[in-house]
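1. sequence and computational prediction follow.
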2 protein chains.
Amino acid sequence: MGEVKTPEPARRSERSRQAILTAAVELVGEVGYARLTIEAIAARAGVGKQTIYRWWPSKGAVVLDAFVALGGSSEPAALPDTGDLEADLKTVLRATVQELTDPRFELPSRALTAESQSDPALAQQFVEAVLRPHLTAIQERLRAAQKAGQVAKGVDLSVAVELLVGPLFHRWLLRTAPLTRAYADTVAALAVAALRPASRSR
Amino acid sequence: MGEVKTPEPARRSERSRQAILTAAVELVGEVGYARLTIEAIAARAGVGKQTIYRWWPSKGAVVLDAFVALGGSSEPAALPDTGDLEADLKTVLRATVQELTDPRFELPSRALTAESQSDPALAQQFVEAVLRPHLTAIQERLRAAQKAGQVAKGVDLSVAVELLVGPLFHRWLLRTAPLTRAYADTVAALAVAALRPASRSR
């Protein structure tokens, strides 16, 4: 692939795009989403406002792409499968806690979640581009566990995924209590107990 | 209490306060939170802007009080305790689904959740005034179940509460899938399985 030469205008475009995305993430952190403007992003990135509007319809759309580029959706395509479901789920939930409490991710995540409440198009893009790959990866790990007999046959795996991530999201977004690794571990252990095949009838 | 006569100015104040709260809820539904203004609330309520600013520091604070007055936090002080934990939790989670999908509650709930992301003072008031009574009532029901031997002794009940409400909140706020009574029932059943004392060692 190294042999293919990218034409100069395309490379310039890509440099501008990267500069815009970097500026957007930096500025969300510095001034907050509400006071972020397309003008400020353009100035920081050294491009014209029209360059931004040519590629993105709204401030929310730029921030979403910036967030994706930052690695907000860079979850591995598949979760680890060591054969120990609880250990693997603890690994992924601890990583989620770490990301949600990392200021570089936290500020744009909160901004996008908030903005999604009044912008249905952004909401859908946010869920599909950022969340869905993460939820799907967990669901695939649960499917393997179900095949291995570690998860009861009748369990709806799309619900099981939200049983794992919902409690983390709730505590993070509403700040009901500190979001810690210990909390992630407890949630993973409880969820595994919930999903386990019944050892006897109730 | 009927014998105590409220003085006329106090009654007038109370009428104004109610008119302001009603106007705030109506307008959030009609124009959305972002385009809601104190001016519009004052005009609809038939009061001066200064009357609103005398009682509330911000638009978010008015909407929060309006939401509380609407009954957003009118959860019963205690959950039903029929002795059947799963049935009681299904009752409360179904009621939560109904409230979250009722447009009168849904619009201000989403607005307050969104606004809380950039307004820490509002966030804290929202959690304490609206959410905490609901979470505490569930936790007390779980404590009774723990005493009755239906919940394992070692379970941290504050985590157990978020295992119940977190998945509902996640699906509702992010619209990952429709929020239904069936989902509430499944989450309640899984949570009860998670909390149950182990019938044998693992």
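-> Cool, the structure landed. Residues are numbered from 1 along each chain as shown, chains lettered A, B, ... in the order given.
2. now for the helix of greatest length in chain A, which elements pack on it?
-> As assigned by DSSP state H, the longest helix anywhere in chain A is helix A:8-31. Here helix A:8-31 touches helix A:38-45, helix A:49-55, helix A:59-67, helix A:103-116, going by 3 or more CB pairs under 8 Å, 6 or more residues apart in numbering or on different chains; DSSP states H and E. (C-beta placed from N, C-alpha, C; glycine too.)
3. mind doing that once more with 6 Å?
-> helix A:38-45, helix A:59-67, helix A:103-116 (3 or more CB pairs under 6 Å, 6 or more residues apart in numbering or on different chains; DSSP states H and E).
4. packing partners of the shortest one?
-> I take that to be helix A:38-45. helix A:8-31, helix A:49-55.
5. now do the buried residues in it.
-> A:38, A:41, A:42, A:44, A:45 (16 or more other CB atoms under 10 Å in any protein chain shown).
6. pLDDT at residue A:62, what is it?
-> As predicted, residue A:62 sits at a pLDDT of 93.
7. which residues are in contact with it?
-> Applying CB atoms under 6 Å, 6 or more residues apart in numbering or on different chains, one finds that residue A:62 lies in contact with A:24, A:56.
8. residues contacting stretch A:87-104, please?
-> A:79, A:80, A:82, A:105, A:168, A:172, A:179, A:181, A:184, A:185, A:188.
9. and it, how far from the chain's centre?
-> Centroid displacement of stretch A:87-104 relative to its chain, using CA atoms, centre = their mean, to the nearest Å, is 11 Å.
10. pull out the buried residues from it.
-> A:88-97, A:99-100, A:104.
11. with stretch A:16-25 instead?
-> Buried-residue list, stretch A:16-25, by 16+ other CB under 10 Å: A:16, A:17, A:19, A:20, A:21, A:22, A:23, A:24, A:25.
12. show me the contacts for the residue lying closest to the fourth one once chain neighbours are set aside.
-> Once its chain neighbours are removed from consideration, residue A:20 has its nearest residue in residue A:45; the separation is 4.5 Å (CB to CB, 6 or more residues apart in numbering or on different chains). By CB under 6 Å, 6+ apart, the contact set of residue A:45 is A:19, A:20, A:23.
13. with distance to residue A:140 as added columns, please give the helices and strands packed on helix A:8-31 in CSV.
-> CSV is the format used below for these (distance: least, CB to CB, whole Å):
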stretch, distance to residue A:140
helix A:38-45, 36
helix A:59-67, 23
helix A:103-116, 23
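14. okay, now the unreliable bits of chain A?
-> Along chain A, segments meeting pLDDT under 70 span A:1-5, A:72-77, A:199-202.
15. which outside residues touch the longest helix of chain A?
-> A:36, A:40-41, A:44-45, A:47, A:52, A:62-63, A:66, A:69-70, A:107-108, A:111.
16. between helix A:38-45 and it, find me the angle.
-> In terms of direction (axes from the mean of the first three to the mean of the last three CA atoms, to 10 degrees), helix A:8-31 departs from helix A:38-45 by 120 degrees.
17. circling back: quick check, nearest of the buried residues of stretch A:16-25 to residue A:198?
-> Minimum distance to residue A:198 across the buried residues of stretch A:16-25 is 47.0 Å, recorded for residue A:25 (CB to CB).
18. any idea how far the closest one lies from chain B?
-> 16 Å (CB to the nearest CB, to the nearest Å).
19. domains for chain A, by residue range?
-> Domain segmentation of chain A under automatic domain parsing yields A:8-70, A:71-195.
20. out of the ones you listed, nearest to residue B:194?
-> domain A:71-195 (3.6 Å).
21. where's the residue nearest to residue A:20 relative to chain B, distance?
-> From residue A:45 to chain B the distance is 23 Å (CB to the nearest CB).
22. what parts of chain A come near chain B?
-> A:32, A:34, A:110, A:114, A:117-118, A:127, A:159, A:162-163, A:166-167, A:169-171, A:174, A:186, A:190, A:193-194, A:199-200 (CB under 6 Å from any CB of the partner chain).
23. out of those, name the ones that lie in helices.
-> A:110, A:114, A:159, A:162-163, A:166-167, A:169-171, A:174, A:186, A:190, A:193-194.
24. widest-spaced pair of these?
-> A:114 and A:193 (33.6 Å).
25. how near is the closest residue to residue A:115 other than its chain neighbours to residue A:20?
-> Nearest residue to residue A:115 in three dimensions, chain neighbours excluded: residue A:60, at 4.8 Å (CB to CB, 6+ apart). Separation of residue A:60 from residue A:20 (CB to CB, to the nearest Å): 14 Å.
26. chain neighbours aside, what residue packs nearest to residue A:181?
-> residue A:94 (5.1 Å).
27. other residues contacting the helix or strand containing residue A:145?
-> Here residue A:145 sits within helix A:132-147, counting by DSSP states H and E. For helix A:132-147, contacts defined as CB under 6 Å, 6+ apart pick out A:73, A:75, A:78, A:79, A:81, A:85, A:151, A:157, A:160, A:161.
28. now do the contacts for the fourth one.
-> Residues counted as contacts of residue A:79 (CB under 6 Å, 6+ apart) are A:88, A:92, A:137, A:141.
29. of these, closest to chain B?
-> Distance to chain B across these (CB to the nearest CB) is lowest for residue A:137, with 14.4 Å.
30. for the residue lying closest to residue A:176 once chain neighbours are set aside, give its distance to residue B:134.
-> Closest residue to residue A:176 apart from its sequence neighbours, by CB to CB, 6+ apart: residue B:127 at 6.3 Å. Residue B:127 sits 10 Å away from residue B:134, going by CB to CB.
31. quick one, which of the two is more surrounded?
-> residue B:134 (21 against 15; other CB atoms under 10 Å in any protein chain shown).
32. from residue A:114, how far out is the more buried one?
-> Counting by CB to CB - residue B:134 and residue A:114 are separated by 21 Å.
33. quick check, nearest of the buried residues of helix A:38-45 to chain B?
-> So of the buried residues of helix A:38-45, ranked by how close each gets to chain B (CB to the nearest CB), first place is residue A:38, at 16.9 Å.
34. which residues are in contact with that closest one?
-> Residue A:38 makes contact with A:49, A:52, A:59, according to CB under 6 Å, 6+ apart.
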